[in-house]
Each structure stands twice: as structure tokens, then as C-alpha cells.
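*Asks:* Provided below for reference: sequence and predicted model.
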Amino acid sequence: MSTLDTIIIDGLAFALPMFIMAIGGIFSEKSGITNLALEGLQGFGAFCGGLTAVLMLRSFEGSSQIPYYVSFIAAIAGGMIYSLIHVALCIKFRANQVISGVVVNILAVALTVFLAKRINDGVFGQPSNKFVLETSVRFSVPGLSRIPVIGAIFKNVYPFEVMIIVIAALMWFVMYRTPFGMHLRACGDNPHAADAAGINVNRVRTIAVMISGGLSAIAGMSYAYSITSNFSPDIFLGYGYLSIAALIFGNWSVLPTLGACLIFGFARSSGQALITQLGMPSSYNDLVRILPYLLTLLLLIFFSKHNNSPRALGEIYDKGKR
Amino acid sequence: MSDSGYIIEMKHITKRFPGLIANDDVSLGIRKGEIFALLGENGAGKSTLMSVLFGMYEPDEGEIFLRGEKVRIASPRKATEMGIGMVHQHFRLVSNYTITENIILGSEPLKRVLGFIPCVNMKKAEADIAALSEKYGLKVDPKAVISDLNVSTQQRVEILKMLYRDAEILIFDEPTAVLTPQEIEFLLDIIRGLRDSGKTVIIITHKLEEIKSVADRCAVLNRGKLIDVLDVATTSTAEMARLMVGREVSFTSDKTEAQPKETVLKVEGLTVEGEAGNEAVKDVSFEIHAGEIFALAGVSGNGQNELADAIAGLKTAVRGRIYLNGTDITDLSIRKRTEAGVAYIPEDRHNVGLVLPFTLSENLALKRYYKDGFSKKTIIDRKAFEENGTRMIEEFDIRSSRGNKTVTAAMSGGNQQKAIIAREIALKTPLIIFMQPTRGLDIGAISNIHKQMIAERDRGAAVLLISLELDEIMDCADTIGVIFDGRINRIAKASELSVNEVGRFMMGVEDKQGGGTNKVRTGGTAS
């Protein structure tokens, strides 16, 4: 496999989960709720999915793919339920949304590590804070994957990448073509207008935040099956924050956000390829990990002026206020 | 009672807010197909009464009958279902949506993709909106985005929103407050058209001429109580005004001849950039003398805002100089200008005039808080704030629920303006700029402000009055300047200009074409 192939394959595997997480962020923010909680949501989702997977693997054959898909469903459910903390703080108790997001993130790290230890101790009898998963199987599309260069897109694909693309397309449709999507975007621009049109602003926002919980969990679970190949505190590496950066560069629109995610993904994978090519010691891998963040800093300088955030973003909605 | 032809009857409505009875046992009936006006000063309870009808508030006491049946209107959504629509004073529009998207929001026409996936049928919606706007003569482009539209068009969208939902009873809350005279005429025509097509229209307003011009009947409210329901055709505006204010109101300000003295403000060749980077004010020169009211007339958006902001220091001049009592203040900061003697009553009360979340006493000290007497060695002296506040509240009759401690956001528009004027007048500066000082206020408040303005002139201040209301200009001015497209194309003594002439210059008629009027060019003309 050529280096270029590796860059494309690894880049996509990193970028697509980030993309689905960013779409979750877009849903939440377009409805008017600032969501810094993506990091915590993806981690908690991965925890729920990881736990489900290890529990199921005990009773299924090694080659069965059922635990794989069930674990994603469990992750989505876990992410959505965990996002209710953000819902409660922001909507019910009208807390500051930035602080709420940070709280949700910190709590997720502490809670999942604690629970993972207790469960490993109690159920599996081994002191560890990890749920060890196998790296997901991959597949190549016959024919298409043989095309030079772009064939790499169809080579060694994780099943979750396909799942993400299908869900992303569906979410785009929901956002821009359905009444619900119209209501959601209206809530983020002028909740008073939405309210006057008979839309229940708080309900729409609750659903939007829960969607962000579910989609982030897909991302977390994807990382658990690829980059980290387990659930462990390693899942909290800041990819959630990176996806927030991506959606800001993408101006809260789905397609430009995909572009931003791909830039991050390819920056990371080409950095890694470079290290391998130059035969540098593996400790330099950590240096490569900062590439996407470095890129974020640079992009921030150029793009922060042009951004066009939802008008009512972060504002606590108060019916009485005009 | 239902056979009396009333489509709505409100019986013994009482609505209380903490420390205030907004509606006190109000009973009235509105006939199908009439234009019914609600007249009253700011804070008289008009908006509250209509908010009750629109389901935004539930009355503490009283009943509402709709088409003869007793109803409970628990929410705006219920009101909409019952065929009641309302255009609020602050529009409820989604700024990045198209007109169509705004109108259909909440009741979208659907189509099925692949036979089962529900999705918004934007094509049908656009066609519907085009047809609807055609039917009622409300011309709009269904695909235009709200943030690109002017206020008047946005208002049309609000009206279409009601019509799209088949509203039969249309409530307008102060619909003309934000419009220019031409737009007002147009709106009143639309309202007449709506009545003629069988709708019932309720207008909340405090502008008597509008009532006289469109309304069939008119209810007068004062301090929450219903004073009377009048037949508009047989009642004079003077009578309406008396009932509304509760006392006689003089329409003409009794002011003495101006005694202009030395030049206070001298503007020379001033050019100011507008928001779009264009030259909003172009090479403007004029002078204002002590003891003179210089009124700048003009249609909205001809550079008035930029000119006032440049003199007050909110905007920097591209070219030209500004002199105050002979000193060049062009490059001074806002605070330095205030100290040099510029007081400014801005048009935008909420964003420029007041810090809304602050209390009244804090707002009243806003321009002097750092000075001795308001703070001791950089630490704020709360007591001095309150003493100052109490004195001003007393002197300027600023009404609020909690006096000094009232958060200004909770005050009525008229009292917010009183607070700003009190603060600025108290500075006793040689120059006071009044920018649209009476916008959105009722006649009682307007006549008070005009009196204060004249009193300031008589004290010896130079007053710059910028207004879109021609009547106000004609009533108060000693000297009139007319601004058009960023240039002052006429300056003359008020006594030498007729309303029609000023109106013509406002539309950009050149001085030379004025039909011999250029020979009266005297007075305040820059020399």
C-alpha cells in the first residue's frame, strides 16, 4: 500500500467520526444552545457502547458482527441520555451554557473512569479502567478500490464510515428539508419568532441537544473501534473540541464542516506518514498529534472574522423578554 | 349580547402586575368588519389588553366572548387557531429566513418524498405566498431574505403571516411607530383594504391623526381604565386628546421669539462615512447659536444619524472640523466632548441612550459617575447616586415601579426617554443634540419634551434637533436645515419656510428650482 493510500485511509477514518460529531454540534448550536459538551458526550457514548460490547462478546462467537452494531446503538442511547444533563442545566435551570458544557465534559471523564474500574473489578474481576475491544473489521469495495489514488477511499473501510455517511446525509435532509429542521434553525435565530409561530422552543432545543448526544456517541464509539481500539480515558483526547472548531470553520453549515474535518483528518494522517517515512522514533508520534490543533490555531486567525454564528446562540430563552 | 353584532366582547377584564394594575375592569365590544382603535398614553394598558386577547397573558378577572361564545385564550397558538392574529411592535421574524419561510413557519405545507418522508413543500409555499400577497396588495418577493428588507416590508411580512393563518381579527400594536410618512399612508391603505375584505382590525396607537384617518370607532384608555368608546367621525382630535391625557393639551408650543447670541457649534465641511463605507454626510457646514433651536429636517437615512454621531463623537469625521465655542473638538474622545459641553439624546434609547440592565439611579449618573460628588477616590458613592436619582426623578417626573432601584429595561419607553433627557439636561452644557426625541411617545410626553427643549434654549443653550416628524420641526425650530443625501441643501429661518417647502427640499428639490425661494436664504446660513 502506498503512502498516499495510507494518508487517505487513515485521514478518512479520523475525519468522518469528527464530522458526525460536528453535525451533532451544528444541530445543538443552530437551535440556539452552545454545545461544548461534545467531548464529554462522545466519551460517555463510547463508554456505554464499549461496556455493551464487552458484555456481549462473552456470549457471542468471536466472528459475530452483532455486538459491533448493538454497541453502536447502546452508545447512541447512552449519549442521548447523558446529554440530558446539558439539557437540564441549559434549558430547565437556565445555566450558562459554556459552563454547563465544561461541567458535562469533566463529569464524563470522572464518571466513566470510575464506572469502568468498578465494573471491571466487579464483573470481570480485573483491575483496569479499560474495556478492551478488537479493532473493527475493514472491507474494500471490489473494483472501485483498484482505481489509482481515489481508489483508496474504498479501501480498508471501517463499516462505521459507511454508517456515518448515511446518517450525515439523513441529518442534512432533516435540517434543511423537514419542518422540524426549519423550526430548529428558527429557534437559533429568533426564538421569539418561533414561539409566536406556535413552536415549542424548549422542546425543539431539547431534541436538538439529544441529537448532538447521539451523534457524538457514534463518533466516540468509532474512535473506540479504530484509533484507541478500546474504551479508556484515552478516548478523551480533545477530538470533541476539534469538531467544535470544525463546525465553526464550516460556518455552522454541513458541507463546509465536512471540508474542515477532512483538512484536520488529512493533516493528522500525513503527519504520521511523514514520521514513518523519515523513520523517526515513535515518540515523535505525539508531536504529530498536535498537528490538527496547530492547524486550528492558524485557521482561527484567518476565519474568525467571517463567522456567522446563529443569532440567538447561547442566549437563555425567556418568554417574557422582548 | 352576541346578537349585538360584536365579534369580540371583553367583559370586566382586570390584569394586575406586581405594583401595577395594567387593566382595571375594562369592558368593550368590537364589531365585525370595523377598524377599532385603542388610544392611550404610554403605559395606559393598551398593549396589555391586546396581549390578553392574543393569549399572551391570562386576565386575573373577566371574560372574553368570541363570536358570542365564551372562550379561554391560553396561548398565542390558541389565539391563532381562533382566527386572531397580531403584529407586534417588535417584529417576530427569523432574520436569515426568506419571506416564505417566515410566513409558513409553524404551519408548513408538506409533501412526501419517496411517498412517505415528510418534507417542506417550498414550491407550493412560495406560490401560495405570491398569490396571497397579490390578493391583498401586499407586494413582496417570496424569496427575499428578511435581513435584506426594510422595516416597512418586514411589517408586510408580519401582516401576511396573519393572513396566511386565516386570521379574521387582526391586531396591530403601534404599527406606524417605525414607518416614514409615505409608508404610513401605504399601511393605512392596506388596513382599509383589509377591512373592506371583511377582516376586523384593531389598532393600538397614540397618534390621533391616524385614528381620524382610518378608524371607525376608538376606545380611550387612561391608566388602565376605559375612559370612553367614541365614534371617530363625530369626535374631534382635540376631544380625543383631552380624554387620553386627562387634561387639555395645547397642540402648538407657546414659545417666544429666539434671541440667538454667539455661535456655539460650528461645523465646517464635515464628511462622515456611513455603515456601508459610503459618504453618508457630505461636506456639511452650519452654525448654531446660543439660544437657538436648529432643526434638521429630512427623510430617514439621509445622513442624520451619522451627522449627530459625528458631533457627539460616536463616529469620526473623514474630513472637516467641528468647533464648540471656538475650540476644535473634532478629534476629542466622547468623554472629552461631554466635558467640553456636548449633551446627546440619541435616537436609539436602548442601545446608546441607556444601559438597560442598570438601575435608574445608575443610568442617571452615567455621564458623571467618575467625578467628585459621585465617587470618592475612584470608589462609587452609592448614596450620591441615589440622591442625584431622587432629585431628577422628582424634577423630571420620571415614573417607574421602584424609583431609583428600577431596572431601566422594565420602564416604559416614555419614561426611559425622560430619564435620558433628565441626565443630559442636568449636564447644563452649551450644546444639546436631540435626535428623534419624541419617537414612539404619546402627545403628553411629546409636549413635555418640547417644553424642556425650549426651556433649554431660553437658558442659552444651542439646541440641535434632528427629527423625521415635520410637525415637530415646524413647531420647535428657530432655524431649519434640510438634509438630503448627506448634504444640507437649505438653511433658513423657520418663519421663512412653509411646511410644503421643507417637504420639497426633503425630497431633494434643488435650491434653484424652489421657485424663487432662494432669496430668503438668510439667518443661520454658514457665512
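*Replies:* Sure, I can see it. Because the structure is predicted, anything quoted here is derived from the model rather than measured. Numbers count the residues shown, from 1 in each chain, chains lettered A, B, ... in the order given.
*Asks:* Which pLDDT value goes with the spatially closest residue to B:N23 that is not a sequence neighbour?
*Replies:* Distances taken as C-beta to C-beta, 6 or more residues apart in numbering or on different chains place B:K15 nearest to B:N23, at 4.4 Å, with adjacent residues excluded. Any C-beta I mention is one placed from the backbone N, CA and C, and that applies to glycine too. Looking at B:K15, its pLDDT stands at 92.
*Asks:* B:V355: what's its closest spatial neighbour, skipping adjacent residues?
*Replies:* Per C-beta to C-beta, 6+ apart, closest to B:V355 is B:N363, 6.1 Å.
*Asks:* The one you found falls within a helix, correct?
*Replies:* Yes: judged by DSSP: H, G, I helix; E, B strand; the rest coil, B:N363 forms part of a helix.
*Asks:* still on that earlier bit, tell me which element the residue nearest to B:N23 is part of?
*Replies:* Element membership of B:K15 [criterion: DSSP states H and E] is strand B:6-17.
*Asks:* hmm, who's touching that strand?
*Replies:* B:1-2, B:21-32, B:45, B:48-49, B:52-53, B:57, B:59-68, B:168-169, B:200 (C-beta atoms under 8 Å, 6 or more residues apart in numbering or on different chains).
*Asks:* picking up where we left off before, which ones are touching the residue nearest to B:V355?
*Replies:* Contacts of B:N363 by C-beta under 8 Å, 6+ apart are B:L354, B:V355, B:T408, B:A419, B:I420, B:R423.
*Asks:* Please pick the buried ones from the residues you listed.
*Replies:* B:L354, B:T408, B:A419, B:I420, B:R423 (16 or more other C-beta atoms under 10 Å in any protein chain shown).
*Asks:* can you pull the contacts of whatever residue of chain B ends up closest to chain A?
*Replies:* Nearest to chain A, among the residues of chain B, is B:G106, at 3.2 Å (C-beta to the nearest C-beta). By C-beta under 8 Å, 6+ apart, the contact set of B:G106 is A:H183, A:A194, A:A197, A:G198, A:I199.
*Asks:* try 10 Å this time
*Replies:* In this structure, B:G106 makes contact with A:179, A:182-183, A:186, A:193-199, B:77, B:80, B:161, B:165, judged by C-beta atoms under 10 Å, 6 or more residues apart in numbering or on different chains.
*Asks:* Contacts for the helix or strand of chain A with the lowest mean pLDDT, please.
*Replies:* None of the helices or strands of chain A scores lower by mean pLDDT, DSSP states H and E than helix A:284-289, at a mean of 76. By C-beta under 10 Å, 6+ apart, the residues outside helix A:284-289 that reach it are A:237-238, A:267-276, A:278, A:280.
*Asks:* which ones are touching the residue of chain A found nearest chain B?
*Replies:* At 3.2 Å from chain B, A:A197 is the closest residue in chain A, using C-beta to the nearest C-beta. Residues counted as contacts of A:A197 (C-beta under 10 Å, 6+ apart) are A:182-183, A:186, B:76-77, B:80, B:92, B:94, B:102-108, B:161, B:165.
*Asks:* Same question for B:G137.
*Replies:* B:R156, B:F186, B:D189, B:I190, B:G193, B:L194.
*Asks:* Can I take it that it is in a helix?
*Replies:* No: read with three-state DSSP, B:G137 is coil and lies in no helix.
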